[in-house]
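1. quick one, fold the following:
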Amino acid sequence: MSTHRYADYEDDYEDYEDSTDVLGERPRRGGAHVVSALGGLVLTPVALGLLSWGGLRQQQLIQATLSTNRDALGIALLAGGAILLLVVAALGALSAVGPILGGLIYGVLPGVAAMAVPEWGFRLVNLMPKSDIAYGVMDFLFIGGLLGVGFLLVGSGLANALVRRRRES
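-> Residues are numbered from 1 along each chain as shown. Modelled structure (predicted):
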């Protein structure tokens, strides 16, 4: 007589195999990685463009005219960009890939390039069509805004990855 509690039911459990229990494998998360990566790659530049354009409008209104009037469109652009960046950071709950990719590609790399060799920053901005958004991005790039936002997104993604690893172990 066997001491194992399922020994008598061996035939019922022969073909059953739980993919999460085999050698401690984690469940597949490919879909979460794809959704997060696409969100980070698509939403991050849109958010940064909205922030840059809204910031430029505010700068032009307040600094150029020494006015304390409000620019509703500029405020809405800033709020929209901030909300989109919040969505990108929240995508880190699905997978850290999105915030890390978005932060590196659209924030850290251009920011470091512009700080190290300013001519590269001008070349990067010249790839964009001439518009208020391009001028806003140039301002945001050279004051270190893209670099700061990029590091914050990368940090958000890394924090999410570390928390997930801690929970799984």
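
2. I figured Gly55 hits Gly136, correct?
-> Yes. Using Cβ atoms under 8 Å, Gly55 is in contact with Gly136, at 5.9 Å. To be clear about C-beta, it is placed using only N, CA and C from the backbone, and glycine gets the same treatment.

3. check which element follows the lowest-mean-pLDDT helix or strand in the chain along the chain.
-> When the helices and strands of the chain are compared on mean pLDDT, DSSP states H and E, helix 65 comes out lowest with a mean of 74. Once the chain leaves helix 65, the next helix or strand it forms, by DSSP states H and E, is helix 72-90.

4. returning to that earlier point: so which of Gly55 and Gly136 has more stuff around it?
-> Set Gly55 next to Gly136 and count neighbours by other Cβ atoms under 10 Å: Gly136 wins out with 26 against 20.

5. output the host helix or strand of the more buried one as CSV - backbone C-alpha positions only.
-> Assigned by DSSP H and E, Gly136 belongs to helix 132-142. C-alpha atoms of helix 132-142 as CSV (Å, rounded to 0.1, in the frame of the first residue of the first chain):
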residue,chain,number,x,y,z
ASP,A,132,5.7,74.5,-32.3
ILE,A,133,6.0,70.9,-31.2
ALA,A,134,9.5,70.7,-32.6
TYR,A,135,10.5,73.9,-30.9
GLY,A,136,9.0,72.7,-27.6
VAL,A,137,10.8,69.4,-27.9
MET,A,138,14.1,71.3,-28.5
ASP,A,139,13.5,73.4,-25.4
PHE,A,140,12.6,70.4,-23.3
LEU,A,141,15.6,68.5,-24.7
PHE,A,142,18.2,71.2,-23.9
